[in-house]
Each structure stands twice: as C-alpha cells, then as structure tokens.
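Chemist: Provided below for reference: sequence and predicted model.
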Amino acid sequence: MSGEFDLIARYFAPLAAEAPGTFGLRNDAALLPSLPGSSIVVTADSLASGVHFRPNDPPELVAKKSLRVNLSDLAAMGAKPLGYLLNLALPKGGNEAWVRGFSAGLAEDQAEFGVSLYGGDTVATDGPLLITVTAFGATPEGTALDRGTAQAGDLIYVSGSLGDAALGLAVFNALLPELDEVAAEYLRDRYLLPRPRVALGQRLLREGLASAAMDVSDGLVADLGHIAKASGLGAELRAANLPLSAAAAGVMELRPDLSASILGGGDDYELLFNLAPERTEEIARLALELDLPLTCIGKMLPGEGVRVLAPDGEVIEVDKPGWNHLA
Ligand SMILES: Nc1ncnc2c1ncn2[C@@H]1O[C@H](COP(=O)(O)OP(=O)(O)OP(=O)(O)O)[C@@H](O)[C@H]1O
Ligand SMILES: Cc1ncc(C[n+]2csc(CCOP(=O)(O)O)c2C)c(N)n1
Ligand SMILES: [Mg+2]
Ligand SMILES: [Mg+2]
Ligand SMILES: [Mg+2]
C-alpha cells in the first residue's frame, strides 16, 4: 500500500488535473471558480460500507454511487454540477487495488457528468470504510428548487421508476430466487448505479415548472412527507399510479408482500416534484424530450401527512415509509 501522499499523487491528483484552481492538489485548499450571475449550491452525503453499499461491491461502482447520490441532491436543487471534494476514511492496513478501482470509477463519472475533483482528505481508522463526497454546482443567481413551496392542489410527479434499487438489494440478499435472470440483473444494476436526474432538475428550475422538489433517497413516502411538512400541506398518493419498471412489476406479481420496497425502500435517486395542474402538457413534452418517464402519482392537499390510497380508495397503511439512520 502506498503512503498517504503517494496515494493522493497517484490516484487523486489526476482527477483534479483539469480544474483550474486545484493546483494539482499540491496546496492546502483549492480555489472555486467564480461564476458571475450564479449561486453556488453545495451538498454532502456520506456512504458507509455495510450501510450504503455491500463491502464487496466493485470499487468502481462504489465510487460512482458516492458521486451520483450527491449529483442527485444537486439535481433536486436544479443545479448544474461543477465539482466535488472527496473525504475517505480507509480501513487501516489498506487495499491499494480498491483505491485504484475507486479512482478509475470516479474518472469515468467525471467525464460522464462534466465534474472535477477539487480536493478532500484521507485518513485511516479501525472502523469500516467511509466515503464522504461534498459536491457543488451552480444555479442562476439566487434561485433553487425548494421542498417548502408546494401549493394545495398541485400534482405530485416522480421521474423514472420506483423500488428498483431496493428490490436489487433484495436480489443480492437472495430474497427473490424465483426471479428470471434478466430482471434480477436489471434490479442489481439499479441498486449499484443510481441515475441522478441532472438534466431534469435544471429544466424544472429554469422553466419554473416545479413548485417544489426533492430527490427520493430514503423512500417515497418518507421523502414526500418532507415536502408536505416543509410546505405546510398534506399529500395523497395513488398506489396504482406509481411507475414500476418491467422488472419491478414482475416482482410485484410474484411477491406482492414486497410492495414496501416501492413505497419506502429508498435508494431510488429519482426526482419528486410538484406541478400546478395547468402545466401537465409542458411536463409531458419534457418527458419526451428527455426520454425519461415523468408520472403523476398524486396531489397535495390542505392538512398534513402522506396518505397512500389503493385503487378502491382504501387507505394503505405504510409500516416503513423510508430509511432512518437513527430510528
Ligand atoms: N450533520 C449535519 N450538519 C448540518 N446539516 C446537516 C447535517 N445532516 C444533515 N444536514 C442537513 O439537513 C438537510 C437534510 O439532510 P438529509 O441528509 O436528509 O438530505 P439528503 O442528503 O437529501 O437525504 P439523503 O441523506 O437521504 O440523501 C440537508 O439540508 C442537510 O444539509
Ligand atoms: C448494504 C445496504 N443495506 C441497506 C441499504 C439501504 N439504504 C441504506 S442508507 C439508505 C438511505 C439513503 O442514505 P442516506 O440517507 O444516508 O443518504 C438506504 C435506502 C443499502 N443501500 N445498502
Ligand atoms: Mg444526506
Ligand atoms: Mg442525499
Ligand atoms: Mg436529497
């Protein structure tokens, strides 16, 4: 295993090479670009081995997930990604091949999303591997999507499909042995590699389409609860309208007992947003343009809390609305 500074020079400095202001990671800190007319948006998320990813997941994919969950938060604010900081707490003793794979994954996603590494920190501990990414992006000055500005009567929309990642983890945990291999592979991939909806978030902000927005990381019902609470409203979800991939729909046929994975499984990294009813045609056009399903799943109402309704109008009790680290 290389020492701390060789590790930085070998694997991380190349990821900072193209960003002006990083000085090739030789200085104590980096200069952020100054963008007249823009606000800088900043967000951080930590991923712990065994909590957010499986200890033997490929390091390239752990790297991409670490970056992408942060890009999803930038998307939720309507920001264009610019760069990120990387803090690593590596297990003592080290595994250089893991770091090599991790940095290779970051290099691929830097090209994919147009971001650069700006710096970070590396420590070694007796604890499990912990990765913290702090990402920053830009919005038109003073603007951002907000969880707290939904209006009563607004529709609730979600991008993509729900529950795939949670079902992918169930596949890894051998809870779905009866599933065909094509569906199992699709779901595992959705667990390993989130698709942050970066273009959608920016369009929602710039076109003033969403009255409120966030990304779904903990679970649909819990996260919609955050929009409802922040906006001083209640929310009603139509379970039959929730967008499912073909693979997830297949699982629901086989195992309806796993419907909690759709409602509160989390790890979706889709955008959840509100829309004034008169703007549905614009959203339909945007979905076509972005080649991304945007589905109406319910509406915001006066009151509080989230209710999930079955097709017959019955209220579905939700035992686990989402992930909560401290519950
Ligand atoms: N330890 C902390 N110190 C300061 N602010 C925090 C801390 N933990 C969370 N926050 C802030 O609280 C808000 C909610 O955090 P939360 O982590 O739930 O959001 P998220 O990143 O969108 O969700 P997730 O972690 O599931 O991806 C964010 O504005 C975040 O910056
Ligand atoms: C091995 C393993 N077990 C469980 C899960 C599920 N999970 C963990 S944290 C989280 C919420 C988002 O995290 P945070 O709120 O910290 O950003 C979810 C849905 C997983 N991804 N991997
Ligand atoms: Mg967070
Ligand atoms: Mg997050
Ligand atoms: Mg978020």
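Modeler: Arrived safely. Ligands and ions are numbered 1, 2, ... in the order given.
Chemist: Skipping adjacent residues, who's closest to the residue of the stretch 151-300 of the chain found nearest ligand 5 in space?
Modeler: As assessed by CB to the ion, ligand 5 sits closest to D215 within the stretch 151-300 of the chain, at 4.3 Å. The way it works is simple: take the backbone N, C-alpha and C, and place the C-beta from them, glycine included. Closest residue in space to D215, ignoring its immediate chain neighbours: A76 at 4.0 Å, by CB to CB, 6 or more residues apart in numbering.
Chemist: Tell me, how many residues neighbour that neighbour?
Modeler: 31 (other CB atoms under 10 Å).
Chemist: now G168
Modeler: Number of residues near G168 (other CB under 10 Å) recorded here: 26.
Chemist: Tell me how many other residues crowd the nearest residue to P20 once chain neighbours are set aside.
Modeler: Spatially, and ignoring its direct neighbours in sequence, P20 is nearest to P33 (6.9 Å; CB to CB, 6+ apart). Neighbourhood size, P33 [other CB under 10 Å]: 16.
Chemist: What residues does P33 make contact with?
Modeler: Going by CB atoms under 8 Å, 6 or more residues apart in numbering, P33 touches P20, G21, L82.
Chemist: From V171, how far off is it?
Modeler: Distance of P33 to V171, computed by CB to CB, to the nearest Å: 42 Å.
Chemist: just P59 next, same as before
Modeler: The value you get for P59 to V171, if CB to CB is used, is 21 Å.
Chemist: what do you get for L263?
Modeler: If you go by CB to CB, the gap between L263 and V171 works out to 18 Å.
Chemist: between these two, who's got more neighbours?
Modeler: Looking at L263 and V171 with other CB under 10 Å, you find the greater number of neighbours at L263, namely 25 against 21.
Chemist: hang on, M300 is in a strand, isn't it?
Modeler: Yes: according to DSSP: H, G, I helix; E, B strand; the rest coil, M300 belongs to a strand.
Chemist: The residue nearest to D215: what's it in contact with?
Modeler: Counting by CB under 8 Å, 6+ apart, A76 makes contact with L145, G201, A213, M214, D215, L271.
Chemist: Out of those residues, list just those in strands.
Modeler: Of the positions in the contacts of A76, A213, M214, D215, L271 sit in strands, assigned by DSSP state E.
Chemist: What's opposite N87 in the beta bridge?
Modeler: Note on N87: beta-bridge partners D121, T132, judged by DSSP bridges.
Chemist: separation between it and L117?
Modeler: Relative to L117, and taking CB to CB, N87 is found at 12 Å.
Chemist: Give the helix, strand or coil label for G142.
Modeler: Relying on three-state DSSP, one would call G142 coil.
Chemist: and it, what are its phi and psi?
Modeler: phi 80, psi 0 (degrees, to the nearest 10).
Chemist: Look through this structure and state the residue closest to ligand 1.
Modeler: S217 (3.4 Å; CB to the nearest ligand atom).
Chemist: Now do the lowest-mean-pLDDT helix or strand in the chain: which elements does it pack against?
Modeler: The helix or strand of the chain with the poorest confidence is helix 4-7; it has a mean of 92 (mean pLDDT, DSSP states H and E). If you count contacts as 3 or more CB pairs under 8 Å, 6 or more residues apart in numbering; DSSP states H and E, helix 4-7 packs onto no helix or strand.
Chemist: going forward, begin numbering at 49 instead of 1
Modeler: Got it, first residue is 49 now, which makes that one helix 52-55.
Chemist: Contacts for the next helix or strand after that helix, please.
Modeler: Using DSSP states H and E, the helix or strand that follows helix 52-55 in sequence is strand 86-96. The contact list for strand 86-96 (CB under 8 Å, 6+ apart) reads 80, 100-101, 110, 113-114, 117-118, 121-122, 125, 127, 130, 176-192.
Chemist: If any of these are buried, give me the ChimeraX selection for them.
Modeler: The buried residues among those can be selected in ChimeraX (16 or more other CB atoms under 10 Å) with this line:
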select :100,101,110,113,114,117,118,121,122,125,127,130,177,178,179,180,181,182,183,184,185,186,187,191
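Chemist: Okay, and which of the contacts of strand 86-96 map to helices?
Modeler: V110, K113, S114, V117, N118, D121, L122, M125 (DSSP state H).
Chemist: pLDDT score for the last one?
Modeler: By that I understand M125. With respect to pLDDT, M125 scores 99.
Chemist: Quick check: P350 vs A294, distance?
Modeler: 37 Å.
Chemist: R116 too?
Modeler: Counting by CB to CB - R116 and A294 are separated by 23 Å.
Chemist: Okay then, goodbye and thanks.
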